[in-house]
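# sequence plus predicted model, see below.
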Amino acid sequence: MTNLTSIRDEELTAFLDDELDPNRREAIEAALQIDPLLSRRLDSLRIPRDDIASAFDVLTTMAPETPELPQTESVKTRGSFLNLAAMAACLLIGGLAGSLFSSKSGQRDGWMDYVAAYQALYVNETLSTITQSETQGIKQLEQLGEVVGRDLNGARSVEGIDFKRAQLLGFEGKPLVQIAYLSPRGEPMALCIIRSKAATDSAIKTTRLEGMSSAHWTRRGFAFLLIGGDDDRFISEIAERVSSSI
């Protein structure tokens, strides 16, 4: 008989993704027939696709308007640059959309490469002109927290970086949260969170992605990536603070 308490959330997630070996899948199916609590745990791990779409619509309506800037020559030039960056981002997202939601490359942590490519398009002005109230920021994180099933409120007050906004992305049909910050030097940074299939937690590791400093780790069924700037020591310190607050 299957020990019901030994069935981990990671196994239930793999069960939903049809990635368990036949014997283990059969054991969990049998357990679901006799344990209502296990069934409720399974239901709580299902990806709420309708809710994701609804949350995305809400977040879109909450997006702050871009402020009008003085039409000096330097601003015009910068505006043209930002327009080109926005167009490039649209092309990237459009070209990779199918991969983001249906890619089956099978490469471990392949989602981080997509995040890094997107983050490489950010410049200071992408985030520095964003202004929103504390209430708006809290609501964004609450909405996204409900989508992914994790409390994200601590992301607003990470010491050493300035919270700017949060948005919903996706990878292989799973919700991926991107939380954007500016460093004290004005460098765009992003914390990205997605459900992980890893059975155990992993320590924070630093690396370079698209030439940017980054740190990644897993905890309690989620994978985290913090990326931005070129200061490996700083990104490691901030990753430790994020890990202890979310």
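Everything's here; your move.

# ranges for the strands of the chain?
Using DSSP state E, the strands of the chain run over residues 162-171, 174-182, 188-195, 202-209, 212-219, 222-227.

# out of the ones you listed, nearest to residue 115?
Counting by C-beta to C-beta, residue 115 lies closest to strand 188-195 out of those; the figure is 4.9 Å. Glycine gets a C-beta too; all of them are placed from N, C-alpha and C.

# now do the closest one against strand 162-171, angle only.
Calculated by axes from the mean of the first three to the mean of the last three C-alpha atoms, to 10 degrees, strand 188-195 forms an angle of 40 degrees with strand 162-171.

# returning to what we had before: could I get the strands of the chain as CSV with mean neighbour count?
Formatted as CSV, these follow (neighbours: other C-beta atoms under 10 Å):
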stretch, mean neighbour count
strand 162-171, 20
strand 174-182, 22
strand 188-195, 24
strand 202-209, 14
strand 212-219, 21
strand 222-227, 23
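
# and residue 113, which of those strands is closest to it?
Nearest of those to residue 113, taken as C-beta to C-beta: strand 202-209 at 7.0 Å.

# re earlier: could the strands of the chain be laid out in JSON lines, adding mean pLDDT and distance to residue 134?
Listed next are these as JSON lines, based on pLDDT from 0 to 100; distance: least, C-beta to C-beta, whole Å:
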{"stretch": "strand 162-171", "mean pLDDT": "94", "distance to residue 134": "10"}
{"stretch": "strand 174-182", "mean pLDDT": "96", "distance to residue 134": "15"}
{"stretch": "strand 188-195", "mean pLDDT": "97", "distance to residue 134": "18"}
{"stretch": "strand 202-209", "mean pLDDT": "95", "distance to residue 134": "29"}
{"stretch": "strand 212-219", "mean pLDDT": "96", "distance to residue 134": "27"}
{"stretch": "strand 222-227", "mean pLDDT": "97", "distance to residue 134": "23"}
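
# mind putting the ones you listed in TSV, distance to residue 25 included?
Output for the strands of the chain, formatted as TSV (distance: least, C-beta to C-beta, whole Å):
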stretch	distance to residue 25
strand 162-171	24
strand 174-182	20
strand 188-195	19
strand 202-209	25
strand 212-219	23
strand 222-227	23
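
# among these, which is nearest residue 128?
strand 174-182 (6.5 Å).

# model confidence for residue 200, exactly?
Reported pLDDT at residue 200 in the predicted model: 88.

# which residues touch it?
residue 218 (C-beta atoms under 8 Å, 6 or more residues apart in numbering).

# one step back: so which of the strands of the chain is nearest residue 129?
Closest approach to residue 129 among the strands of the chain is made by strand 162-171 (9.6 Å; C-beta to C-beta).

# tell me how far that closest one lies from the chain's centre.
Between the centre of strand 162-171 and the centre of its host chain there is 7 Å, according to C-alpha atoms, centre = their mean, to the nearest Å.

# for residue 120, which of the strands of the chain is the nearest?
Between the strands of the chain, strand 212-219 lies closest to residue 120; by C-beta to C-beta that is 7.0 Å.

# can you pull out the helices in the chain?
For the chain, the helices defined by DSSP state H cover 9-16, 22-34, 36-45, 49-62, 73-102, 111-119, 124-128, 134-148, 232-245.

# least confident of those, on average?
helix 73-102 - the lowest mean pLDDT of the helices of the chain, at a mean of 46.

# end to end on stretch 123-136, go ahead and measure it.
For stretch 123-136, the first and last residues are 23 Å from each other (C-alpha to C-alpha, to the nearest Å).
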